[in-house]
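1. below are the sequence and a predicted model; questions follow.
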Amino acid sequence: MSNNTALSFKRISTNSTDSNQASPFWSKPKTKSSNFKKYFKITFKWIKFLIFAFFMLMGLWGCFQSMWDSQISTNVNIGAGLEFGFNFGTSGNWLYDLSSGGMYNQFHTFSDWSLEYGPFYAFFVWPGAWMVLNLMWLTNNWIGATNALLSIFILLVIIRAVSILVTLKSTLQNEKMTEVQGKISEINAKYKDLKDNVSKQKKQQEIMELYRKNNVKPFAAFEQMFITLPIFLIVYRVVTIVRPLKASILFGIWNFAYTPLSQVFGNFTNLGWTYIFFLLLVIPTQFLSMKLPQKWAKKRNRNAATLSQKGGKQMKKMNLTQNIFAGVMSLIVAFSATGVGVYWFFNALFSLAQSYIMHKIILNSRKKHNNLESKLDKLILE
């Protein structure tokens, strides 16, 4: 073992002193391929930036458009407000075909792709509405509006698949951030009462070193924020404008076009009380989708289970912030159309499944890493 080591050191010293000799096989000289990789990364970053910028711009466009453009106003009643459906007479079913006349027909219905209502509707809302409408028509004989459930679920799968492709790195970074959250809490607690510049600098250095060791890029986690707004608006608009969805009543109880809270307080005696059970189903699922991943991360992170007293206080503050965010999301579900709530219910289940899969992947990766380290230790001892 020692002779081989000496021989390898001899080879290294010989190659390092003789510049005319070829580079050793373990070195990585700059080549065209490495330059290509460098330029590819730069190009990919700019493309990703433009994608996120476009998503954010479209989200803001759709948000502000709803404030000043009366043509896109929605209404829970069939034949009123902006609607998406088949041209009149296409299917012969009044739930799927747009009205032939009326005050809302000229400017407030559309069935074909166009920029008449702006790029947000043309590039984002129209594809989702077209998919939901056609899928509901193919399954129009399903009872209890279960075809509406299927359509919303398929819409979720497509949106999540596209968003995961764009924000995969961000999703992984969120998991890594959760992994090191306990250690960050300890660092914050350590410097809690130290306000001088030196202590602040040391605190920042420790956090950055923690990020470096765990390959965490904190700003990457904000990528998902750039598509959250347009995704919410897309789903909200699809649910509130697709004609058969507006008419769907899930299990004969929950109307997809009605808002749960308005039904509870404004129509309590006439089945409005049933929306309480809808909220009791959707809102707790939202909380679970935030809390369970945190619990799984705590199992993975040894330091998170052994926080100091001050570190525990910091973690409580973070939990409070998360609870406030979950409360805001619950209010959004309560004040949005029931169909939107159905979407976010499926979304929460999807997030739980994704977090659990990531949890298992991290545990398996850690196990393989530990096994590899054990083998290396044995080889060194030999």
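-> On my side now, so go ahead.
2. from here on, contacts and neighbour counts on C-alpha atoms
-> Noted.
3. please enumerate the strands of the chain.
-> Counting by DSSP state E, the chain has these strands, from start to end: 83-84, 109-110, 249-250, 254-255.
4. out of these, point me to the one whose mean pLDDT is lowest.
-> Looking over these, mean pLDDT reaches its minimum on strand 109-110, with a mean of 68.
5. follow-up on the earlier one: need the strands of the chain in a markdown table with mean neighbour count and distance to A297, can you?
-> Formatted as a markdown table, the entries for those read as follows, by neighbours: other CA atoms under 10 Å; distance: least, CA to CA, whole Å:
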| stretch | mean neighbour count | distance to A297 |
| --- | --- | --- |
| strand 83-84 | 28 | 43 |
| strand 109-110 | 22 | 47 |
| strand 249-250 | 20 | 36 |
| strand 254-255 | 22 | 36 |
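6. K202 is nearest to which of those?
-> Of all these, strand 254-255 sits nearest to K202, with 56.0 Å by CA to CA.
7. of the strands of the chain, which is nearest A161?
-> Nearest to A161, of all the strands of the chain, is strand 83-84, at 24.2 Å by CA to CA.
8. give me the helices and strands touching that closest one, please.
-> Taking 3 or more CA pairs under 8 Å, 6 or more residues apart in numbering; DSSP states H and E as the contact definition, the neighbouring helices and strands of strand 83-84 are strand 109-110, helix 225-241.
9. try 7 Å
-> When contacts are defined as 3 or more CA pairs under 7 Å, 6 or more residues apart in numbering; DSSP states H and E, strand 83-84 packs onto strand 109-110.
10. how about the strands of the chain in CSV, adding distance to V328?
-> Converted to CSV, these look like this (distance: least, CA to CA, whole Å):
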stretch, distance to V328
strand 83-84, 29
strand 109-110, 32
strand 249-250, 25
strand 254-255, 22
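11. looking at these, spot the one closest to W130.
-> strand 83-84 (8.1 Å).
12. got the buried residues for stretch 284-292?
-> Using 16 or more other CA atoms under 10 Å as the test for burial, stretch 284-292 gives 285-291.
13. can I get the residues you listed in a markdown table including pLDDT and distance to S351?
-> Supplementary listing: the buried residues of stretch 284-292 in a markdown table, determined by pLDDT from 0 to 100; distance: CA to CA, whole Å:
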| residue | pLDDT | distance to S351 |
| --- | --- | --- |
| T285 | 91 | 10 |
| Q286 | 86 | 9 |
| F287 | 86 | 11 |
| L288 | 89 | 10 |
| S289 | 86 | 6 |
| M290 | 82 | 9 |
| K291 | 83 | 11 |
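14. which of those residues sit farthest apart?
-> The distance between the two most remote of the buried residues of stretch 284-292 (CA to CA) is 9.8 Å, for T285 and K291.
15. quick one, which of the strands of the chain is nearest to L133?
-> Within the strands of the chain, the stretch nearest L133 is strand 83-84; the backing value is 8.1 Å (CA to CA).
16. how far does the closest one sit from the chain's center?
-> On the basis of CA atoms, centre = their mean, to the nearest Å, strand 83-84 sits 27 Å off its chain's mean C-alpha point.
17. what's the answer for stretch 203-218, then?
-> 24 Å.
18. what pLDDT, on average, does that stretch get?
-> pLDDT averaged over stretch 203-218 gives 76.
19. OK, contacts around S199?
-> Going by CA atoms under 7 Å, 6 or more residues apart in numbering, S199 touches Y191.
20. what are the ranges of the helices in the stretch 1-150 of the chain?
-> Counting by DSSP state H, counting those that start in this stretch, the stretch 1-150 of the chain forms helices over residues 2-17, 32-68, 105-108, 119-120, 126-138, 146-179, given from the N-terminal end onward.
21. and stretch 357-365, which residues are buried?
-> By 16+ other CA under 10 Å, the buried positions in stretch 357-365 come out as 358-359, 362.
22. make JSON lines from those and add distance to F49 to it.
-> Formatted as JSON lines, the entries for those read as follows, by distance: CA to CA, whole Å:
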{"residue": "M358", "distance to F49": "25"}
{"residue": "H359", "distance to F49": "29"}
{"residue": "I362", "distance to F49": "28"}
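23. make CSV out of the residues you listed and add pLDDT and distance to N134.
-> Below are those laid out as CSV (pLDDT from 0 to 100; distance: CA to CA, whole Å):
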residue, pLDDT, distance to N134
M358, 78, 34
H359, 80, 37
I362, 75, 40
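24. for those, which one is nearest K202?
-> Using CA to CA, the buried residues of stretch 357-365 come closest to K202 at I362, 30.0 Å.
25. closest to V235 out of the strands of the chain?
-> Minimum separation from V235 across the strands of the chain (CA to CA) falls at strand 83-84, 13.6 Å.
26. circling back: who wins for proximity to I143 among the strands of the chain?
-> That would be, of these and by CA to CA, strand 249-250, which comes in at 9.1 Å.
27. partners of that closest one in the sheet?
-> With DSSP bridges as the test, strand 249-250 is paired with strand 254-255 (antiparallel).
28. so how far is the partner strand from its chain's centroid?
-> Offset of strand 254-255 from its chain centre (CA atoms, centre = their mean): 27 Å.
29. could we number from 217 for the rest of this?
-> Understood, numbering begins at 217; the last thing we discussed is strand 470-471.
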